[in-house]
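> got a structure for you, letters missing:
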């Protein structure tokens, strides 16, 4: 008698696999996904200039450690009763601010995760073109009680087991290959019956011959996903440039507001001194003209005091906003490093405007994306044309069976079945395909217009940036001239006022102009630097380092193909 084996090996194997998978921890899946995804990103990033490796780590940032930064030991008088906000505060330089931002800014982290998710989706698409294993199984036991004769009960029990193991793959020619091993067994445990079972090994192949055939159509999903990951990396690399410029703009904006508060304080204190002197002189000279001058000076002092208090408030608010963008708690007391302001230089961009536009057209990553997207649209037109063809599929099925009179599940090579044929759909209703093709042609036209518009806008941006840089240089030079004039004028008016031959209105105007000129010196210096950075960004030559800092070397980024 053949030996019965009610629990099939396939079912046992599937049970062990299920238990093993259930034991996998979240950490295992994370490492598994990261290894494959980061491998894709690392390989594709090598094709993108200045993409860096910032997106190769998407783990949440550790807690903020400010102890490594030096403390500010100065107590600034110009902050008045708000001076405590900077007392013993941590000093943050521009380099440190950029480093905080690229590791903690919430929007920046989301952009990194978007690149990761694009590559993660590609892993699933790639899997469709590799062997995919599947397995399932079940085991059930049933019992039936029936009445036989008088007061006689008969119990019949059966045990049924099924198992299936298979593998399938989609080739880049559009062929679908699948193989499957199935086994079914029913054993009668009671009732005098015997067991019976059936096993089968099957292999099937489906190959499109017209519609859907060939690499172009069959691999479109994979091709597009591969390119989409490259686009995501380029987009992130371009975003890093804008992000660094935005953080620098905000950083120097806070410094400018701090200087505005300082200048307002200096103007207020200057008026405070003059008012005290004029009041003393008015007591000796009771003339109405002297009283009128004192009143004018007192009113001007109040105006400057209000401006000073408002400037402190604006500075603190801007500093809090910067902390949020740096990913720091708003309660953290920091002060920005003034060495960054003092180190600013008036630097002209090399070359000519025409050369700058040529560099931009070769270096801008967003323009490279748009050019490649035109290729995507053209490719989809070709695919839509092919999809309009009739469907003709070659079919091949091959199977090996066991001996139904045996119960040991031995597949018999001689007990086989082979079938071949064609599956045809003449696709007589062409309207859906017609619409898809026409829509693809329109999409291609739109992609070309979008590319053309983007390039024109980019040319305009560079031309605007070039003009802005020239303007910023002239504004800085005029501010320097104005500073010299305002300094001399204020000295003259203060001397006249001390001798009693000046007027209050002239002194007020001189002090107001001096305050405005001080602010202009700071703003024009900062503005020239920021305009230059924006121009480099628009040209596509702003090279961003790992910590978010920039390198002003144009040959760091070479045009595509060099």
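Alright, I've got the coordinates. The structure displayed is predicted, hence computed values, not measured ones. Numbering: from 1, shown residues only.
> Stretch 108-117: how far from the chain's middle?
Put simply, stretch 108-117 sits 4 Å off its chain's centre (CA atoms, centre = their mean, to the nearest Å).
> Same question for stretch 436-445.
30 Å.
> Buried residues, it. List them.
436-437, 440-441, 443-444 (16 or more other CB atoms under 10 Å). (Glycine included, C-beta is placed from N, CA and C.)
> Closest to residue 363 out of these?
Among the buried residues of stretch 436-445, residue 444 lies closest to residue 363 (CB to CB), at 25.5 Å.
> Got phi/psi on the closest one?
The phi/psi pair for residue 444 (degrees, to the nearest 10) reads phi -60, psi -40.
> Could you report the distance from it to residue 464?
Applying CB to CB, to the nearest Å, the value for residue 444 to residue 464 is 30 Å.
> re earlier: could you list which of the buried residues of stretch 436-445 belong to helices?
436-437, 440-441, 443-444 (DSSP state H).
> Same list (those) but as a markdown table, adding distance to residue 170 and pLDDT.
Compiled in a markdown table, these are given as follows (distance: CB to CB, whole Å; pLDDT from 0 to 100):
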| residue | distance to residue 170 | pLDDT |
| --- | --- | --- |
| 436 | 22 | 94 |
| 437 | 24 | 94 |
| 440 | 23 | 95 |
| 441 | 28 | 96 |
| 443 | 26 | 96 |
| 444 | 27 | 97 |
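> Any buried residues in whichever strand or helix holds residue 28, and which?
Assigned by DSSP states H and E, residue 28 falls within helix 26-45. Buried residues in helix 26-45, counting neighbours by 16+ other CB under 10 Å, are found at 34, 37-38, 40-41, 44-45.
> Tell me where the stretch 351-500 of the chain has strands.
In the stretch 351-500 of the chain, the strands defined using DSSP state E, counting those that start in this stretch lie at 391-402, 411-425.
> Now do the last one against strand 391-402, angle only.
Comparing the axes of strand 411-425 and strand 391-402 via axes from the mean of the first three to the mean of the last three CA atoms, to 10 degrees yields an angle of 160 degrees.
> Tell me which strands strand 411-425 pairs with, and in which orientation.
strand 391-402 (antiparallel) (DSSP bridges).
> wait, which of the buried residues of helix 26-45 is closest to residue 537?
Taking CB to CB as the measure, residue 537 lies nearest residue 45 of the buried residues of helix 26-45, at 19.8 Å.
> Counting neighbours, what do you get for the closest residue in space to residue 210 that isn't next to it in sequence?
Using CB to CB, 6 or more residues apart in numbering and skipping residues adjacent in sequence, the residue nearest residue 210 is residue 389, 4.3 Å away. Residue 389 is flanked by 16 other residues according to other CB atoms under 10 Å.
> Check the one 3 residues further on too.
Per other CB under 10 Å, the neighbour tally for residue 392 reads 18.
> Need the pLDDT of it.
pLDDT for residue 392: 91.
> And for the one 10 residues further on?
Residue 402 is assigned 76 on the pLDDT scale.
> so it sits right up against residue 416, yeah?
No: under the criterion of CB atoms under 8 Å, residue 402 is not in contact with residue 416, lying 11.0 Å apart.
> More neighbours: the two, which one.
Higher neighbour count among residue 402 and residue 416: residue 402, with 19 against 12, using other CB under 10 Å.
> Would you mind finding the most buried of the strands of the stretch 351-500 of the chain?
strand 391-402 (a mean of 17; mean count of other CB atoms under 10 Å).
> just how off-centre is that one within its chain?
47 Å.
> Give me the distance from the helix or strand hosting residue 525 to the chain's centre.
For residue 525, the host element (DSSP H and E) is helix 504-539. Distance of helix 504-539 from its chain centroid, counting by CA atoms, centre = their mean, is 34 Å.
> Run through the neighbouring helices and strands of that helix.
Under the contact criterion of 3 or more CB pairs under 8 Å, 6 or more residues apart in numbering; DSSP states H and E, helix 504-539 touches helix 220-284, helix 288-326, helix 339-342, helix 353-363, helix 431-499.
> how about the ones you listed in TSV, adding distance to residue 206?
Listed next are the helices and strands packed on helix 504-539 as TSV, based on distance: least, CB to CB, whole Å:
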stretch	distance to residue 206
helix 220-284	17
helix 288-326	55
helix 339-342	66
helix 353-363	46
helix 431-499	21
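> looking at the ones you listed, which is buried most?
Greatest burial across these, using mean count of other CB under 10 Å, falls to helix 220-284, with a mean of 19.
> pLDDT averaged over it - what is it?
On average, the pLDDT along helix 220-284 is 88.
> Run the angle between it and helix 431-499 for me.
Going by the same axes, to 10 degrees, helix 220-284 makes 20 degrees with helix 431-499.
> now the residue lying closest to residue 56 once chain neighbours are set aside: how far from residue 120?
With CB to CB, 6+ apart as the criterion, residue 56 has its nearest non-adjacent residue at 5.3 Å, and that residue is residue 38. Counting by CB to CB, the gap from residue 38 to residue 120 is 10 Å.
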